[in-house]
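A.B. asks: Compute the structure for the input listed below.
(chains A and B)
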Amino acid sequence: MAKNRKVYVTESGEPVYGVIAEFATPADVYHAAEKVRDAGYTKWDVYAPFPIHGIDEAMGQKRTVLPLISASAAGVGVLGAILMQWWMSGVDYPIVVQGKPYAPWEPFVPITFELGVLFTAFATLIGMLALNGLPRHNHPLLKKERFLAVSDDAFAICIESGDDKFDPDQTRSMLERLGGKHIDLVEGD
Amino acid sequence: MSAHAAVHGHDHSGHHHADLSNHPLLADGNVRLNGSGNGLSMLFLLMGVAGIAATVGAAFTAAGKMHAMASFQVAAMGALAICLGGMFFTLVMHLTAAGWSVTLRRIMEHLAMLAPVMLIIAAIVPVTDLLLTKGLLYTWMNPGYETNYLLGKKAGFLNPGFFLIRLGVYFLAWTLIAYRLNSLSLAQDRSGDKWLTNKARFTSAWGMLVFALTTAFASFDLLMSMDFRFFSTMWGVYYFAAAAFSSAATIALVAASLLRAGKLQGLITGEHFHDVGKLMFSFTVFWSYIAFSQYFLIWYSNIPEETVWFTVRKEDGWEKIFYLLCFGHFIAPFLVLVFRDVKRSPNALILVGLWMLFIHFVDMFFIIRPMVTTRPGNEALTPFTNIWVDVAAVLGLLGVLGFALIRRLGSAALVPIRDPRLPEAMEHKNYV
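C.D. replies: Purely as a prediction, here's the structure:
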């Protein structure tokens, strides 16, 4: 991982983001993804206008750590809610309500549930955005006119220059072998 | 199959759905028991006879008639819930036109078919109580309460004639729903007529409404009316939640056992268990949600006829069962089933399913058995006095249920072999 990574630049001195190739059908991009995965690439992505079933396995994607983030937040929310209510109504300001005990667990439940859900929802949303590197204002791929079609009818694979196995010539020729069309260098970082 | 397509005039599609008649996974060895469950069913029958004999015998020991009746009812209402849950899942799978669950639906249909049988078994104690023991367990049947003000207000509903009529209505309704859905499915096995699926769906539309009302009222009659003072508008939902909870666990247990017996290979996969596990998880949460809602509102509003029901269940040892339910019916299954790998593993679901069935009967025990310990004169009894009677009764009726279920499973193909959505079920995959 830590080996000296080359920084590629174009003739005009622009940094290279990666190499993009287009594929005609979901099946083509699916099978190409399997080959890219088997070639050992790690920093790359498949772009498609809709979710392709099974693409996660074809890309060799690991399961996300998002559930762990959500579960941790749920734990914090639940424990925090119980502690807060117990301290408020049992320690700091005990007050008799309807002749019930000072800190009964029953009325704590709805608030514990709500706070657990609230923390989980926030953590899941924010965690998802953070793991995806969002929000961001621009992306090097958006400069490519042809790339915009991936939200309509095109399927593409982009292998990024940050990948350890990335090599401008070899990566391009591999994508060619896999049946990629309109192979292009993407500039930007 | 193409010959069938030509014969069936109402097949307008021009081409028949995928022809699976020669599919290797649907070979008889994979989708029929062929007598391989006979040994186990005999074991269940033995357990059933022994358990019921012990329970009946307990009536003549120190435990006494009332204890024996209550224990029998713990077992019968628990087993009835499992069967009613099967009916609910059959209905809901048809209503939602579910494809994934087709390979599991026969198990649900068989459970549903056993609901009327279990109702007869669950009616033995109340009818005996009405005619012979005169309100030993079902207090409203006791002539000693005839002048009771609260009972007087409820006598329009809680009277012997109407009670028996209602039991008859439940029996007819459940027989009609279960028999129609099961026979449509079996007829499709023979004819391959895909339009029978639509008929089942139509039946499920009115069937769901009838099921919901009869289940709720049956739970009022067979459980809530034991203490005629008590009432809860949540009661029907509570019993329904118990039914779906226990039934989801049973479906997982049966499916995993069939898989271990070498049946349904490739027809029920980790994908199906994942979804059954989700049902187990969601009805764990659902039960907890409505059980707490019922308890919480009664706790808050503090109305004596309602609170007395929970007060006696939070003292004299019953509080242990109360907290066991909080832990075992919610926290434990929640924390275990939340993991994806648990839901996808048949062996893990067997362990979780067995626990869920255990805690389901503890739930019934918590509802019914305090009737015995709180009866005047029984102050010395704890929840655990003569607990063997409860264990015997539950094992006995689980034996009867297991025996009947295996016999039914052996009577037909284990999956609806010509259901038009069978290919969808066989290809089923969770993409998350």
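A.B. asks: Show me the shaky parts of chain A.
C.D. replies: Within chain A, the stretches with pLDDT under 70 are A:1-5.
A.B. asks: what about 80?
C.D. replies: Applying pLDDT under 80 to chain A flags residues A:1-7, A:11, A:189.
A.B. asks: Report the secondary structure state of the closest residue to chain A within the stretch 301-432 of chain B.
C.D. replies: Closest contact between the stretch 301-432 of chain B and chain A, by Cβ to the nearest Cβ, is at residue B:431 (5.6 Å). Placement of C-beta: from N, CA and C, glycine included. Per DSSP: H, G, I helix; E, B strand; the rest coil, the secondary structure class of residue B:431 is coil.
A.B. asks: what separates it from residue B:274, distance-wise?
C.D. replies: To residue B:274, residue B:431 is 11 Å away according to Cβ to Cβ, to the nearest Å.
A.B. asks: More neighbours: which of these two?
C.D. replies: Shown here are residue B:431 and residue B:274; by other Cβ atoms under 10 Å in any protein chain shown, residue B:274 has more neighbours (21 against 11).
A.B. asks: quick one: that one and residue B:430 touch, right?
C.D. replies: Yes - counting by Cβ atoms under 8 Å, residue B:430 is a contact partner of residue B:274 at 5.2 Å.
A.B. asks: burial of residue A:50, as a residue count?
C.D. replies: 8.
A.B. asks: Surely it forms part of a strand?
C.D. replies: No - Residue A:50 sits outside any strand when classified using three-state DSSP, being coil.
A.B. asks: For residue A:155, see how far away it is.
C.D. replies: Taking Cβ to Cβ, one finds residue A:50 at 10 Å from residue A:155.
A.B. asks: The closest residue to chain A within the stretch 251-400 of chain B: how many residues sit nearby?
C.D. replies: Nearest residue of the stretch 251-400 of chain B to chain A (Cβ to the nearest Cβ) works out as residue B:299 at 5.2 Å. By other Cβ under 10 Å, the residues close to residue B:299 number 17.
A.B. asks: Do I have it right that it meets residue B:309?
C.D. replies: No - contact criterion Cβ under 8 Å: residue B:299 and residue B:309 do not qualify, at 11.2 Å.
A.B. asks: Show me the domain layout of chain A.
C.D. replies: A:16-49+A:153-187, A:66-131 (automatic domain parsing).
A.B. asks: Those residues of chain A touching chain B, which are they?
C.D. replies: A:51, A:53-54, A:56, A:71, A:98-99, A:106-107, A:109-110 (Cβ under 8 Å from any Cβ of the partner chain).
A.B. asks: among those, which two are most distant?
C.D. replies: A:54 and A:99 (60.4 Å; Cβ to Cβ).
A.B. asks: Who has more neighbours out of these two?
C.D. replies: Each of residue A:54 and residue A:99 has its neighbours counted (other Cβ under 10 Å); residue A:54 has more, 13 against 6.
A.B. asks: Any idea how far the helix or strand harbouring residue B:92 is from the middle of the chain?
C.D. replies: Using DSSP states H and E, residue B:92 falls within helix B:64-95. How far helix B:64-95 lies from its chain's middle: 5 Å, per Cα atoms, centre = their mean, to the nearest Å.
A.B. asks: I'd like the next helix or strand past that helix.
C.D. replies: helix B:102-113.
A.B. asks: So what angle separates the directions of that next one and helix B:64-95?
C.D. replies: 140 degrees (axes from the mean of the first three to the mean of the last three Cα atoms, to 10 degrees).
A.B. asks: State the mean pLDDT of helix B:102-113.
C.D. replies: Mean pLDDT, computed over helix B:102-113, is 97.
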